[in-house]
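**Student:** how would this look folded up:
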Amino acid sequence: MKNIYTLFLLTSVIIVSIAIFIFCKKSSKTGTVIVLNGTGSSGKTSISKLLQKQLQDSVTLSIDDILWPAFKKEAQDLALINPQMSKEQIEQIIIENVNVLSPKVQWLMVLQQLYDQARFLARTHQYVILDTVFGIVDRKDYDYFVQQMQGLTSLVVLVYCDPLHLAHHIVARNAGAKKEEMRDMLVHMRGFEAMYAPATLEDVVVETVTKQDVEYALRFVHDSLPEMGKSQAQVEQQVAEVRDLYFKTFFPDDMHEVQIASRFAFDMFVNTGNLSSQECVQLILSKSNHQNL
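**Tutor:** Prediction:
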């Protein structure tokens, strides 16, 4: 009888120990971070909203959630904005003065907050959809992302949109919008140049871009800027600056087309110039299922 009791007690201890081990292992498991990296107006927000609808126990985190308060604080310190202004007016002033505000923002602190929140949310959700733009600080901030995300499962998705379709996206978004709600195309086109470069033999080619595509895109930009209250002289100067930037980066030696690649590593890419947001989401879901994320 004593031996039976001892065996029962030992079996109970083993079962409880196994249960505790399984619980601890399960509670320490983190969710998957799906990173959507792309230029402004490339379609990341539309994709993230659809992803969140189709992924159970998911949450979306955008760098804008942290970046805009940081910009707003600096704008207040410089007396560029005041409490009487509307949200749209404040956003437009920030966009117009982004080159003045950017050097004053503590970028690494912004990124640290973003990645801290991502890590925290990954402990409480199965999926964290991170909407961001690599290259905001400099071209080394992808390395900082990798460092901060160690120990987490991640899927980095490059959301690509060529200059011509990017211009179309912004024109469509600005149509009928109030002046203070319009997006400045030049800001996003400069962002494209910061994210992409001519492909080398080792790179994954994202797409071939022609000089004609860039000229068409710049024509859209040229026609849209006066609607934002810019003078003709400002329009001519800013468009010329972006044209020189693009031609220097992508079309040296009077080339007519170039294969381009991302400056930052990625696990997969989707092209919102050719695919709808829903089609992009299906590709992302297929990739995540294939990798058992």
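**Student:** From now on I want contacts and neighbour counts done on CA atoms only, so please keep to that.
**Tutor:** Noted.
**Student:** How are the strands of the stretch 1-150 of the chain distributed by residue range?
**Tutor:** For the stretch 1-150 of the chain, the strands defined by DSSP state E, counting those that start in this stretch occupy 32-37, 58-62, 127-132.
**Student:** And the last one, what does it pack against?
**Tutor:** Helices and strands touching strand 127-132, by 3 or more CA pairs under 8 Å, 6 or more residues apart in numbering; DSSP states H and E, are strand 32-37, helix 44-54, strand 58-62, helix 107-124.
**Student:** now what about it, what contacts it?
**Tutor:** Residues outside strand 127-132 that contact it (CA atoms under 8 Å, 6 or more residues apart in numbering): 31-38, 44-45, 48, 51-52, 55-64, 118, 121-122.
**Student:** how big is the angle separating that strand from strand 32-37?
**Tutor:** 20 degrees (axes from the mean of the first three to the mean of the last three CA atoms, to 10 degrees).
**Student:** Low-confidence regions, the stretch 101-250 of the chain specifically.
**Tutor:** By pLDDT under 70, the weakly predicted segments of the stretch 101-250 of the chain are 103, 136-139, 176-185, 224-230.
**Student:** which residue ranges form the helices in it?
**Tutor:** 107-124, 141-148, 163-174, 185-195, 211-224, 232-250 (DSSP state H, counting those that start in this stretch).
**Student:** could I get those helices as JSON lines with mean neighbour count?
**Tutor:** As requested, the helices of the stretch 101-250 of the chain are exported to JSON lines (neighbours: other CA atoms under 10 Å):
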{"stretch": "helix 107-124", "mean neighbour count": "18"}
{"stretch": "helix 141-148", "mean neighbour count": "15"}
{"stretch": "helix 163-174", "mean neighbour count": "19"}
{"stretch": "helix 185-195", "mean neighbour count": "20"}
{"stretch": "helix 211-224", "mean neighbour count": "17"}
{"stretch": "helix 232-250", "mean neighbour count": "15"}
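**Student:** Let me have those helices in TSV, extended by distance to residue 201.
**Tutor:** Listed next are the helices of the stretch 101-250 of the chain as TSV, based on distance: least, CA to CA, whole Å:
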stretch	distance to residue 201
helix 107-124	31
helix 141-148	21
helix 163-174	23
helix 185-195	18
helix 211-224	21
helix 232-250	16
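**Student:** do you know which of those helices lies nearest residue 285?
**Tutor:** Residue 285 lies closest to helix 107-124 among the helices of the stretch 101-250 of the chain, at 17.9 Å (CA to CA).
**Student:** Give me the helices and strands touching that closest one, please.
**Tutor:** Using 3+ CA pairs under 8 Å, 6+ apart, helix 107-124 sits against strand 32-37, helix 64-77, strand 127-132, helix 141-148.
**Student:** Let's have these in CSV, adding distance to residue 107.
**Tutor:** Converted to CSV, the helices and strands packed on helix 107-124 look like this (distance: least, CA to CA, whole Å):
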stretch, distance to residue 107
strand 32-37, 17
helix 64-77, 9
strand 127-132, 13
helix 141-148, 10
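**Student:** Residue 265: neighbour count?
**Tutor:** 15 (other CA atoms under 10 Å).
**Student:** tell me the SS of it?
**Tutor:** Of the three states, residue 265 takes coil under DSSP: H, G, I helix; E, B strand; the rest coil.
**Student:** List of residues touching the biggest strand by length in the chain?
**Tutor:** If you go by DSSP state E, the chain has its longest strand at strand 153-160. Residues outside strand 153-160 that contact it (CA under 8 Å, 6+ apart): 30-39, 42-44, 206, 266-273, 284, 288, 293.
**Student:** With mean neighbour count as extra columns, can I get the strands of the stretch 1-150 of the chain in CSV?
**Tutor:** As requested, the strands of the stretch 1-150 of the chain are exported to CSV (neighbours: other CA under 10 Å):
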stretch, mean neighbour count
strand 32-37, 24
strand 58-62, 20
strand 127-132, 24
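**Student:** Can you redo these as a markdown table, where the extra columns are distance to residue 172?
**Tutor:** Converted to a markdown table, the strands of the stretch 1-150 of the chain look like this (distance: least, CA to CA, whole Å):
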| stretch | distance to residue 172 |
| --- | --- |
| strand 32-37 | 22 |
| strand 58-62 | 22 |
| strand 127-132 | 21 |
